[in-house]
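In: Sequence plus the predicted model coming up.
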Amino acid sequence: MQRFDGKVVIVTGAASGIGEATARRFSSEGARVALVDRNEAPLADAARDLPAQLTLAHIADVSDHEAVDEMVATVVRRFGRLDVLVNNAGVYEGGDPAKITNYQWRKVMATDLDGVFFGCRAALPHLEKTKGSIINTASVSGTGGDWATSPYNAAKGGVVNLTRSLALDLGKKGVRVNSVCPSLTRTGMTADMMEDEELLAKFRERIPLGRVCEPHEVAAVIAFLASDDASFVTGANVAVDGGVSASNGQPPLA
């Protein structure tokens with residue numbers, strides 16, 4: 001499929017994991033893709049084997065609103081337009097709520113929530129012109145609580161409701177806004193968890209499909225939401241969770 005031939009896409013947090021898989025998916029479907037990350041070396045690696053004329057690697061920290069404004073301006077100067085913004089950059093902090101530091105709290109909020117809003121605000125004038133779309137990477141942690149994860153839960157919960165709010169405000173402008181809500185996914189952020197077989201067994205027991213998510217599986221849903229195949233979908237927070245959110249939390253009886 002070449003659903004994005006001639007389209008321009010920004011993907012933040014694109015140096016690894018879901019972001020890298022998403023950038024590759026859009027590129028494979030004909031898009032001109034801007035990969036954005038604050039980590040220069042892995043970003044260069046992620047962009048290296050994509051078509052040079054159709055790819056831009058841009059270093060930016062999405063928690064900095066001026067850097068986000070410059071990110072969008074740079075992409076539009078390079079490619080002439082913007083059709084899709086994927087707000088994927090994220091960080092994680094957790095622990096005992098009584099011991100969470102101000103730094104930990106602000107670190108998560110600044111990237112996972114502020115960065116999403118900064119991206120949407122900067123991109124909107126350009127997306128109005130192209131009748132484009134925004135896809136935010138939220139989480140099942142934004143639709144229900146986790147133990148010892150208060151900063152991340154709060155930030156991702158904010159992304160879920162920000163997605164709904166923006167969908168209402170931007171619909172008449174022709175801009176669609178959706179999010180994906182993955183469960184445990186094999187990424188750099190979860191690398192330590194992937195090495196803990198006892199923990200993984202607990203996750204597999206709770207996930208109806210019996211395994212963790214792979215980044216390309218989230219990327220496929222993001223690409224769908226950005227495509228004309230989802231032309232009447234906005235304000236949706238789509239679970240990509242192997243069935244986790246289908247449960248009311250009670251244990252299996254057999």
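Out: Here it is on my side, so go on.

In: which stretches of the stretch 1-150 of the chain aren't confidently modelled?
Out: Across the stretch 1-150 of the chain, nothing is flagged by pLDDT under 70.

In: for it, what spans make up the strands?
Out: Using DSSP state E, counting those that start in this stretch, the strands of the stretch 1-150 of the chain run over 8-12, 32-37, 55-59, 84-87, 133-137.

In: Then the stretch 151-254 of the chain?
Out: Using DSSP E, counting those that start in this stretch, strands in the stretch 151-254 of the chain cover 176-182, 237-240.

In: other SSEs contacting the last one?
Out: Under the contact definition 3 or more CB pairs under 8 Å, 6 or more residues apart in numbering; DSSP states H and E, strand 237-240 sits against helix 150-170, strand 176-182, helix 215-226. Heads up, the C-betas are built off the backbone N, CA and C, glycines and all.

In: State the mean pLDDT of that strand.
Out: Averaging pLDDT along strand 237-240 yields 98.

In: And that strand, what's buried?
Out: Asn237, Val238, Ala239, Val240 (16 or more other CB atoms under 10 Å).

In: Outside of that strand itself, which residues are in contact with it?
Out: 138, 140, 142-143, 160, 163-164, 178-183, 213, 217-218, 221, 225, 245 (CB atoms under 8 Å, 6 or more residues apart in numbering).

In: one step back: return the member of the buried residues of strand 237-240 nearest to Lys173.
Out: Asn237 (20.3 Å; CB to CB).

In: distance of the closest one from His58?
Out: 27 Å (CB to CB, to the nearest Å).

In: got it, and Leu166?
Out: 23 Å.

In: one step back: may I see the strands of the stretch 151-254 of the chain arranged in a markdown table, with distance to Leu253 as well?
Out: Shown next, in a markdown table, are these (distance: least, CB to CB, whole Å):
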| stretch | distance to Leu253 |
| --- | --- |
| strand 176-182 | 27 |
| strand 237-240 | 23 |
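
In: closest one to Val8 among these?
Out: Closest among the strands of the stretch 151-254 of the chain, using CB to CB: strand 176-182, at 16.0 Å.

In: Let me see the ranges of the helices in the protein.
Out: Counting by DSSP state H, the chain has helices at residues 17-28, 40-48, 65-79, 102-108, 115-130, 150-170, 191-194, 197-206, 215-226.

In: Would you reformat these as TSV and include mean neighbour count?
Out: Below are these laid out as TSV (neighbours: other CB atoms under 10 Å):
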stretch	mean neighbour count
helix 17-28	26
helix 40-48	16
helix 65-79	18
helix 102-108	15
helix 115-130	21
helix 150-170	19
helix 191-194	12
helix 197-206	12
helix 215-226	22
